[in-house]
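J.: just the structure for this:
(chains A and B)
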Amino acid sequence: GENVEQHPSTLSVQEGDSAVIKCTYSDSASNYFPWYKQELGKRPQLIIDIRSNVGEKKDQRIAVTLNKTAKHFSLHITETQPEDSAVYFCAATVGGSQGNLIFGKGTKLSVKP
Amino acid sequence: GAGVSQSPRYKVAKRGQDVALRCDPISGHVSLFWYQQALGQGPEFLTYFQNEAQLDKSGLPSDRFFAERPEGSVSTLKIQRTQQEDSAVYLCASSLERPGGGELFFGEGSRLTVL
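T.: So this is what the prediction gives:
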């Protein structure tokens, strides 16, 4: 079945620096790759997603890149702010568009002021 | 309400008790998912419904876990004869479309503690 690996598990950066989180997946049929942000004690919330027909997507300070050949995708956060501190999860669909969504184990990002 | 609603928010059960967790998805959402999230871990897939049909239950850890969505709206996750390892937050999520079609909206979760 699908396996989604995420790293690093923890990441600490200074305010204003960039942060990069990487994920790999195993199912070549996966075609949808969302990223979720979960603050302590809160529900996961979608921050950005990308589909397999696109290589890169950007939304203000957040960008996601996808390499289908290598089966990996990355989240890039620029000009980090303390409020970016949270746990970030990547995910990938299983078996194409009919499958469920499998999550990585998460990256705890700490942005130090 | 406009979001996914889960109840109870907190449940403490003695080992061996049965529990039922309820999820009210966003009205009109076709897909409904249940995930189990242990402390410090990512959400682990349990099961998925498209309307009332349970299309995938491969993530249910044992036959003590059962989920239903009889009318394609509200869903219930039932855990029989609870064990300590069942302690976790159970997240429900719904989506307007099938997986891969768009955003999953999560509820606040039901935190289960088995003593």
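
J.: centroid residue for chain B?
T.: Taking C-alpha atoms, centre = their mean as the criterion, residue B:34 is the residue nearest the geometric centre of chain B, at 3.2 Å.

J.: my read: that residue touches residue B:44, true?
T.: No - taking contacts as C-beta atoms under 8 Å, residue B:34 lies outside contact range of residue B:44: 9.9 Å. Just so you know, the C-beta spots here come from the backbone N, C-alpha and C atoms, and that holds for glycine as well.

J.: quick check: residues of chain A near chain B?
T.: A:1, A:6, A:31-32, A:34, A:42-46, A:49, A:51, A:89, A:93-94, A:96-106 (C-beta under 8 Å from any C-beta of the partner chain).

J.: re earlier: out of everything not next to it in sequence, what's closest to the residue nearest to the centre of chain B?
T.: residue B:46 (4.2 Å; C-beta to C-beta, 6 or more residues apart in numbering or on different chains).

J.: tell me the phi and psi of the one you found?
T.: Here is the backbone geometry of residue B:46 (degrees, to the nearest 10): phi -110, psi -60.

J.: list the contacts for it?
T.: B:33-36, B:57, B:59-61, B:65, B:67, B:77, B:90 (C-beta atoms under 8 Å, 6 or more residues apart in numbering or on different chains).

J.: please redo it, this time with the cut-off set to 7 Å
T.: B:34-36, B:59-60, B:65 (C-beta atoms under 7 Å, 6 or more residues apart in numbering or on different chains).

J.: and the pLDDT at it?
T.: For residue B:46, the pLDDT comes out at 94.

J.: ok, back up a step: ok, what's across the strand from the residue nearest to the centre of chain B?
T.: The residues listed as beta-bridge partners of residue B:34 by DSSP bridges are residue B:47, residue B:92.

J.: can you read off the pLDDT for it?
T.: Listed pLDDT for residue B:34 reads 96.

J.: can you lay out the contacts of residue B:46 as CSV showing distance to residue A:83?
T.: Formatted as CSV, the contacts of residue B:46 follow (distance: C-beta to C-beta, whole Å):
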residue, distance to residue A:83
B:34, 30
B:35, 25
B:36, 28
B:59, 33
B:60, 36
B:65, 37
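
J.: and the two most separated of these?
T.: B:35 and B:65 (12.3 Å; C-beta to C-beta).

J.: who has more neighbours, these two?
T.: More crowded of residue B:35 and residue B:65, by other C-beta atoms under 10 Å in any protein chain shown: residue B:35, with 26 against 19.

J.: that one contacts residue B:42, correct?
T.: No - with contact defined as C-beta atoms under 7 Å, residue B:35 does not reach residue B:42; the gap is 8.7 Å.

J.: how about the strands of chain A, start to end?
T.: Counting by DSSP state E, chain A has strands at residues A:4-7, A:10-14, A:19-25, A:32-38, A:45-51, A:56-59, A:62-67, A:72-77, A:86-93, A:101-103, A:107-112.

J.: and the longest one, C-alpha only, in CSV?
T.: To tie it back to what came earlier, the one meant is strand A:86-93. Taking C-alpha atoms only, strand A:86-93 is exported to CSV below (Å, rounded to 0.1, in the frame of the first residue of the first chain):
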residue,chain,number,x,y,z
ALA,A,86,3.0,24.3,14.2
VAL,A,87,3.1,20.7,13.1
TYR,A,88,2.9,20.3,9.3
PHE,A,89,1.7,17.1,7.6
CYS,A,90,2.0,16.1,4.0
ALA,A,91,-0.4,13.6,2.4
ALA,A,92,-1.0,11.7,-0.8
THR,A,93,-3.9,9.9,-2.3
